[in-house]
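Colleague: coordinates only, sequence not included:
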C-alpha cells in the first residue's frame, strides 16, 4: 500500500525522515525557527528507544554526534544559523576524522543574533566548509516540505557512502510552513552499510584497533590524508551533483535560485509568461557540490542569468565562477529576513532584459 | 608459576613521549591494568583529551575517539549511549576539563552519564608550555602568571576543586581523588579506578577519579623535587580520598593504607 500523504511542518518532516533513515541518535539545543524538529525528535526517538538528548549547548550537541557517529550509528543534530556557527568546530573535526553525520540548518537572518525570519545568508558558511582547515561538507537545499524529507533521508546515505558530514540547508520558511508530504519507507537496519572503521564491538571480530581522529602531527602524512579526502571530493563532484531546471532552452533569462527563493522565482516565471516573457529556472539542489558544469554549458549557449537570493549575494559568486565571464550574471537579493516578492523578482528580470 | 607482575596487555610496549617524572605514564598503566583485570580490552573505548595526553591513542591498545579540546565528555556521552555495554574512559587534563570544557563536564555529570572520567590534575597546562590552569594554586607561577597566581589585584581567580564541585550534582555516583606521587597513592588510585570502572559496567551513573600528577617540566623542577612539591602543595589543598560514594553496588570503601 502506498504511503499516505500527511500535512506537516518542514521541521517535523525532517525529523520523521531522519527516523525513517535509521537515525539512532539525535542531539539538539533549542533555537528558533527549528524548535519543532527538536521536539519531534524528543517525542519519537524516546518512544522508539533511540537516543535523544537536549544538550547543554550546540557545541556539546555536535560533539555528542561526533561520539555517537564514531561508533557507526547514524546520528544527527539540528539548529539555526547562530547555533550552526557554534557547531563549526565539531563539523571541522568530523570532516578531519571522516565521521559521517547529518546537520540540519533551518537558517535565520544574521549576522550576529540577527532575526528569526528566513534567510539564505549562510551560503558561504555552508559551502566553504565553515570551520577551520581544508574541507567541504555536502550541502543539500530543499525547496519544499517534501524535498526537506527526501533530502534528509538521502543525507544519511550520502554521509555513510562518502564518510562526509552532510548539511541540510533549509530556512525558517521551509521549517515552519505546512505542506503535504509522503515519506520514504523505514530503513531496515540490517540494510545499512558496514562501517569497519568505527569504534566498538572489537570483541566480536578481534579486528585491529580503530582510532577516530583528525590529529596528525606529521605534515607529510597529514597532507596525504587531506589529498585522499580531496580525491573523494572530486568523485563526489562528478557523481553527486543535483539540480533542477525548467524552461532553460526557451528562456531569454534564467533565474538561478535555491530553496525558498526558487519558489518565489517560479512565481515570477509564471507571471512573466502571462506577459509573453520567457524566463527559465535553474535550481541547484546540491549547493556543494555546485552544479558548475551545467551552468557553464548554459553560459556557453549564450544564456544570461539573474541570481535571486535572500542574502546580499553569496551563491552569485559560484555562478560567476561557473559562467567564467561567458555571459552576463545579474543579482537580485533581499536580506535581514525580508522575503522578496514575485513582483520584485519579475520587475528585476524585466529591467535586466529591458522589457 | 603465575606471573605476578608484567606489562599490561592493554598498554602497547613502546616508550612514551612524556617527560621524565610525568604522571601520565603511570596513570595510563593503572587504567590498562584495571582493564586487563576486568577482561575488557576489546570492549573499551577511550575518548582522548587535548593536551599532553593527546598521545593516548599511541599507547592504549584499544579503540579511541579524539574530540575537540574540552568536548570530551560530550563525545563520550555519544559513544557510551550507543555502546552501553562498553567501558568508556573519558581522559581529561585540568585545562580540558576545568576551563574550556566546564560546561561539558558539569552537564555530563549532571545527566549521570555512565562513563568514567579520569581527570589528571597537574595544576598547569603541559603541552602548550606551562600556562595557568584552573587548578593552579594561589601563588604558583605559570608563564601566564609570572608573579604567581594572584586572585586579588590581577583577578586570576582561585583553584577549582573539581570533585567537590561535581559532588553537589545528583547525577554523580562516585568521585575520588588519588595521586601518583608514591607507591601507596598509586595503589590506592588504582583501587579508585577499579571501583569506578566496575560501577560503570554495572551502569550506576557518573564516576570520576581525579589524579594529582607531577609536571616537572612546567613546574621547573627535577622529577624528585616535583614529587616533593606535589606533596607539600597540591595534597594539602586537594584532599585525597573518596570524595563522594553513592554507589549502590557491593563495592566497599577503599581501605586507607596501613589500616
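Modeller: Structure received. All values reported here derive from a predicted model rather than from experimental measurement.
Colleague: what number of residues lie near residue A:134?
Modeller: 14 (other Cβ atoms under 10 Å in any protein chain shown). From N, CA and C alone the C-beta is placed, and that goes for glycine too.
Colleague: check contacts around residue A:149.
Modeller: Residues in contact with residue A:149, defined by Cβ atoms under 8 Å, 6 or more residues apart in numbering or on different chains, are A:13-14, A:16-17, A:181, A:183-184.
Colleague: dihedrals phi and psi, residue A:279?
Modeller: With angles defined as degrees, to the nearest 10, residue A:279 sits at phi -110, psi 150.
Colleague: and the pLDDT for it?
Modeller: Here the pLDDT value assigned to residue A:279 is 98.
Colleague: check the one 5 residues further on too.
Modeller: The model reports residue A:284 with a pLDDT of 98.
Colleague: and what of residue A:237?
Modeller: 98.
Colleague: before we move on, what about residue B:250?
Modeller: Looking at residue B:250, its pLDDT is 57.
Colleague: what does the one 3 residues further on give?
Modeller: Residue B:253 carries a pLDDT value of 74.
Colleague: could you look up the SS state of residue A:266?
Modeller: At residue A:266 the chain is in helix, as set by DSSP: H, G, I helix; E, B strand; the rest coil.
Colleague: nope, residue B:176 is what I was after
Modeller: Here residue B:176 is recorded as strand under three-state DSSP.
Colleague: show me the beta-bridge partners of it.
Modeller: Beta bridges link residue B:176 to residue B:209, residue B:242, judged by DSSP bridges.
Colleague: what sits closest to the residue of chain B found nearest chain A if chain neighbours are left out?
Modeller: Going by Cβ to the nearest Cβ, chain A is nearest to residue B:78 of chain B, at 2.6 Å. Using Cβ to Cβ, 6 or more residues apart in numbering or on different chains and skipping residues adjacent in sequence, the residue nearest residue B:78 is residue A:67, 2.6 Å away.
Colleague: what does the average pLDDT come to for the helix or strand containing that neighbour?
Modeller: Per DSSP states H and E: residue A:67 is located in helix A:58-70. Confidence over helix A:58-70, taken as the mean pLDDT, stands at 98.
Colleague: with stretch B:72-81 instead?
Modeller: Computed over stretch B:72-81, the mean pLDDT rounds to 98.
Colleague: before we move on, what about stretch A:309-317?
Modeller: 98.
Colleague: gap between the two ends of that stretch?
Modeller: In stretch A:309-317, first residue to last residue: 12 Å (Cα to Cα, to the nearest Å).
Colleague: return the set of buried residues in it.
Modeller: Within stretch A:309-317, the residues scored as buried using 16 or more other Cβ atoms under 10 Å in any protein chain shown are A:309-311, A:314-316.
Colleague: ok, back up a step: need the phi and psi values for the residue of chain B closest to chain A.
Modeller: The phi and psi values for residue B:78, taken as degrees, to the nearest 10, are phi -60, psi -40.
Colleague: could you pick out the residues of chain B near chain A for me?
Modeller: B:42-43, B:45, B:47-48, B:54, B:57, B:61-68, B:71, B:74-83, B:86, B:103-104, B:106-107, B:111 (Cβ under 8 Å from any Cβ of the partner chain).
Colleague: domains in chain A, as residue ranges please.
Modeller: Chain A breaks down by automatic domain parsing into domains covering A:6-191, A:245-353.
Colleague: which one of those is the most hemmed in?
Modeller: domain A:6-191 (a mean of 23; mean count of other Cβ atoms under 10 Å in any protein chain shown).
Colleague: identify the bridge partners of residue A:333.
Modeller: Beta bridges link residue A:333 to residue A:309, judged by DSSP bridges.
Colleague: name the element residue A:293 belongs to?
Modeller: Going by DSSP H and E, residue A:293 is part of helix A:292-300.
Colleague: so who does residue A:289 touch?
Modeller: A:138, A:233, A:236-237, A:240-241 are the contacts of residue A:289 under Cβ under 8 Å, 6+ apart.
Colleague: among the residues you listed, which are located in helices?
Modeller: Counting by DSSP state H, the part of those found in helices is A:233, A:236-237.
Colleague: of all the contacts of residue A:289, which comes closest to residue B:245?
Modeller: Proximity of these to residue B:245 (Cβ to Cβ) peaks at residue A:138, which lies at 48.0 Å.
Colleague: state the pLDDT value of that closest one.
Modeller: 98.
Colleague: can you pull the contacts of it?
Modeller: Residues near residue A:138 by Cβ under 8 Å, 6+ apart: A:155, A:158-159, A:162, A:164-167, A:236, A:240, A:286, A:288-289.
Colleague: possible to save the residues you listed as JSON lines with secondary structure and distance to residue B:13?
Modeller: Converted to JSON lines, the contacts of residue A:138 look like this (DSSP: H, G, I helix; E, B strand; the rest coil; distance: Cβ to Cβ, whole Å):
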{"residue": "A:155", "secondary structure": "helix", "distance to residue B:13": "43"}
{"residue": "A:158", "secondary structure": "helix", "distance to residue B:13": "42"}
{"residue": "A:159", "secondary structure": "helix", "distance to residue B:13": "38"}
{"residue": "A:162", "secondary structure": "helix", "distance to residue B:13": "37"}
{"residue": "A:164", "secondary structure": "coil", "distance to residue B:13": "36"}
{"residue": "A:165", "secondary structure": "coil", "distance to residue B:13": "37"}
{"residue": "A:166", "secondary structure": "strand", "distance to residue B:13": "41"}
{"residue": "A:167", "secondary structure": "strand", "distance to residue B:13": "43"}
{"residue": "A:236", "secondary structure": "helix", "distance to residue B:13": "41"}
{"residue": "A:240", "secondary structure": "coil", "distance to residue B:13": "45"}
{"residue": "A:286", "secondary structure": "strand", "distance to residue B:13": "48"}
{"residue": "A:288", "secondary structure": "strand", "distance to residue B:13": "45"}
{"residue": "A:289", "secondary structure": "coil", "distance to residue B:13": "46"}
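Colleague: which one of those residues sits closest to chain B?
Modeller: Using Cβ to the nearest Cβ, residue A:165 is the member of the contacts of residue A:138 that sits closest to chain B, with 14.3 Å.
Colleague: surely residue B:227 touches residue B:179?
Modeller: No - counting by Cβ atoms under 8 Å, residue B:227 sits too far from residue B:179 to count as a contact (9.6 Å).
Colleague: the more surrounded of these two?
Modeller: residue B:179 (24 against 19).
Colleague: dihedrals phi and psi, that one?
Modeller: Here is the backbone geometry of residue B:179 (degrees, to the nearest 10): phi -150, psi 160.
Colleague: now the helix holding residue A:293, how far from the chain's geometric center?
Modeller: Chain-centre distance of helix A:292-300: 22 Å, with Cα atoms, centre = their mean, to the nearest Å.
Colleague: got it, and stretch A:150-162?
Modeller: With Cα atoms, centre = their mean, you get 11 Å for stretch A:150-162.
Colleague: what sits up against it?
Modeller: Residues outside stretch A:150-162 that contact it (Cβ under 8 Å, 6+ apart) are A:13-14, A:17-18, A:20-23, A:74, A:76, A:100-102, A:104, A:138, A:140-142, A:164-166, A:168, A:183-184, A:192-193, A:195, A:232, A:235-236, A:240, A:285.
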